[in-house]
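J.: Pasted the sequence and its predicted model underneath.
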Amino acid sequence: MPVTAEALTMDPSSTWHSENGGTSGGFPSSYSYPPTRLPLQSLRHGSALFVKCNLCVCFGGEITCSKRNCNDSMDVSEPSFFQLPCYCEPKYLPVCTYTGLTLPNECIAKCLDLKYVKGECNEIESCSQPTACNVCEEDHQVCLLKSDECNQHQCVQPYGCQSLPDDPVCDEEGTTHRNLCRMNEASKRMAYKGRCLYNCKDTAVCGVDGNTYTSECHAIARFISVDYEGPCQGFGIINNETGEVEGCAKDLVCPPLLTSTSCAAFIPPGACCPVCAGAIRILYSQKQIMRYQKALNTRGSGTVFTVEKVMKSLTRHIEVAECALYGHLTMEMDLLVLIKSTLVEPTDLHHQICALEAEKLAVLIQRGSPRIVTDLSTSILVYAKVVHYELQAPGQAPSLVSLPLPTTVIIAAFLLIHLAQ
């Protein structure tokens, strides 16, 4: 396997440590991983490198790589480049994989070696399946372990609600219930998990994950950034020569960029519209998930590690109230995290602060911060790369500011404050 860029060391030690001094995932507090060997090269645990345009990380004897389709002439540092895996044709006939991931067509699902059914995952009525329970609610989610089927419904306990813990859900009428059992007692249907959100557009929207959501609130509750209004009707491919997005509907209207001059921005893989947001792409370890599930005796239960659980855990590290975290699993099989301003009319400073939050989060993951590795949901994350770039508002002259935004001094300050905790 040719290596086109030198390895970047994430951790000078080849030993994995539990930060709480005990055991983690069934391992002793100090466990030495063997080096992973490529032809003519041995990689230490924690090292990162590029194989052509794909970022790869050695973690626990496993090489984890993104699944980008590389051109020989492309620049590995280009964050926005995107082509379909396996040179699949850009046909929009969405399919839902057994892991809960919506993909543009069956060629991509076959390329990723994932079983599938036709249609968006949000359209699949899993409660109508013979294996569903008597009292059933749709619970669409994306599981990270490829070897297990991802359960897409949740059985509701029909009695004894007072003994169940709080797990708020929002019904279709905009009322928050303590849990699914209480909602079932009230004879209501679930709109989405979590407390009801307000001040959202109540019409259908297309998420950057390729699913159609009943409302903006529904998408936000799932940590999904909205690509455009209306149902999903295509997917975007960035032309590597022109930088323009191709393949989206010709009459598609993208939401206006909420900036007067420029902002940190990114176009998610497969999306049609740019978004002002700090953006990072994260690699995670399949082998680490399997280790944990074996230690926890949850093998065959793919819902232990889901995208939503990872995003919920990462949200705890966002400390600016005006910034919100969104994220999904891309068709390149890495996690994309976007951190956007929640203000209706954010200033350029607000955009910069949210971009800084994204970069801080990337540093926490790369450094193996105790705040990341001691949380079960995020301990599977092995590398993060900042991918946002500067985008000018229409009619604005190019700015002299280049991204990533923070200077060395700012990053050092954040490291002193947050990594020392």
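T.: Done, it's in. Given the structure is predicted, the values throughout are model-derived calculations rather than measurements. Residues are numbered from 1 along each chain as shown.

J.: Could you work out the end-to-end span of stretch 230-238 for me?
T.: Distance across stretch 230-238, first residue to last, is 22 Å (C-alpha to C-alpha, to the nearest Å).

J.: Please read the previous query as pertaining to stretch 151-167.
T.: First residue to last in stretch 151-167 (C-alpha to C-alpha) measures 18 Å.

J.: these two touch, right, residue 183 and residue 169?
T.: Yes. Applying C-beta atoms under 8 Å, one finds residue 183 in contact with residue 169, separated by 5.5 Å. Where C-beta positions appear, they are placed from N, C-alpha and C, glycine not excepted.

J.: quick one: which of the two has more around it?
T.: Applying other C-beta atoms under 10 Å to residue 183 and residue 169 shows that residue 169 carries more neighbours, namely 28 against 22.

J.: what's the closest residue to residue 338 other than its chain neighbours in contact with, if anything?
T.: With sequence-adjacent residues excluded and distances taken as C-beta to C-beta, 6 or more residues apart in numbering, residue 338 is closest to residue 277, at 4.1 Å. Remark: with contacts taken as C-beta atoms under 8 Å, 6 or more residues apart in numbering, residue 277 is in contact with 225, 264, 265, 266, 326, 338, 339, 340, 354, 355, 358, 388.

J.: For those residues, give me a markdown table that also has distance to residue 287 and pLDDT.
T.: Putting the contacts of residue 277 into a markdown table (distance: C-beta to C-beta, whole Å; pLDDT from 0 to 100) gives the following:
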| residue | distance to residue 287 | pLDDT |
| --- | --- | --- |
| 225 | 29 | 97 |
| 264 | 33 | 85 |
| 265 | 34 | 86 |
| 266 | 29 | 89 |
| 326 | 27 | 98 |
| 338 | 27 | 98 |
| 339 | 28 | 98 |
| 340 | 32 | 96 |
| 354 | 33 | 96 |
| 355 | 32 | 95 |
| 358 | 27 | 97 |
| 388 | 29 | 91 |
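
J.: mind checking which helix or strand the residue positioned nearest the centre of the chain is in?
T.: For the chain, the residue nearest the mean C-alpha position is residue 328 (2.9 Å; C-alpha atoms, centre = their mean). Element membership of residue 328 [criterion: DSSP states H and E] is strand 323-329.

J.: any idea how far stretch 364-380 is from the chain center?
T.: 15 Å (C-alpha atoms, centre = their mean, to the nearest Å).

J.: Now do that stretch: distance from first to last residue.
T.: Taking C-alpha to C-alpha, the first and last residues of stretch 364-380 lie 13 Å apart.

J.: Identify each buried residue in it, please.
T.: Neighbour counts over stretch 364-380 (16 or more other C-beta atoms under 10 Å) mark 364-369, 371-373, 375, 377-380 as buried.

J.: Reformat these as JSON lines; add distance to residue 282 and secondary structure.
T.: Conversion of these to JSON lines gives the following (distance: C-beta to C-beta, whole Å; DSSP: H, G, I helix; E, B strand; the rest coil):
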{"residue": "364", "distance to residue 282": "11", "secondary structure": "helix"}
{"residue": "365", "distance to residue 282": "6", "secondary structure": "helix"}
{"residue": "366", "distance to residue 282": "10", "secondary structure": "helix"}
{"residue": "367", "distance to residue 282": "14", "secondary structure": "coil"}
{"residue": "368", "distance to residue 282": "13", "secondary structure": "coil"}
{"residue": "369", "distance to residue 282": "14", "secondary structure": "coil"}
{"residue": "371", "distance to residue 282": "15", "secondary structure": "helix"}
{"residue": "372", "distance to residue 282": "11", "secondary structure": "helix"}
{"residue": "373", "distance to residue 282": "14", "secondary structure": "helix"}
{"residue": "375", "distance to residue 282": "14", "secondary structure": "coil"}
{"residue": "377", "distance to residue 282": "12", "secondary structure": "coil"}
{"residue": "378", "distance to residue 282": "9", "secondary structure": "coil"}
{"residue": "379", "distance to residue 282": "13", "secondary structure": "coil"}
{"residue": "380", "distance to residue 282": "10", "secondary structure": "coil"}
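
J.: so which of the residues you listed comes closest to residue 174?
T.: Within these, proximity to residue 174 (C-beta to C-beta) peaks at residue 377, which comes in at 28.8 Å.

J.: Quick check: that closest one touching residue 317?
T.: No. With contact defined as C-beta under 8 Å, residue 377 and residue 317 do not form a contacting pair (11.9 Å).

J.: May I have the beta-bridge partners of the residue nearest to the centre of the chain?
T.: residue 336 (DSSP bridges).

J.: is it true that it touches residue 307?
T.: Yes. The pair residue 328 and residue 307 qualifies as a contact (C-beta under 8 Å) at a distance of 6.1 Å.
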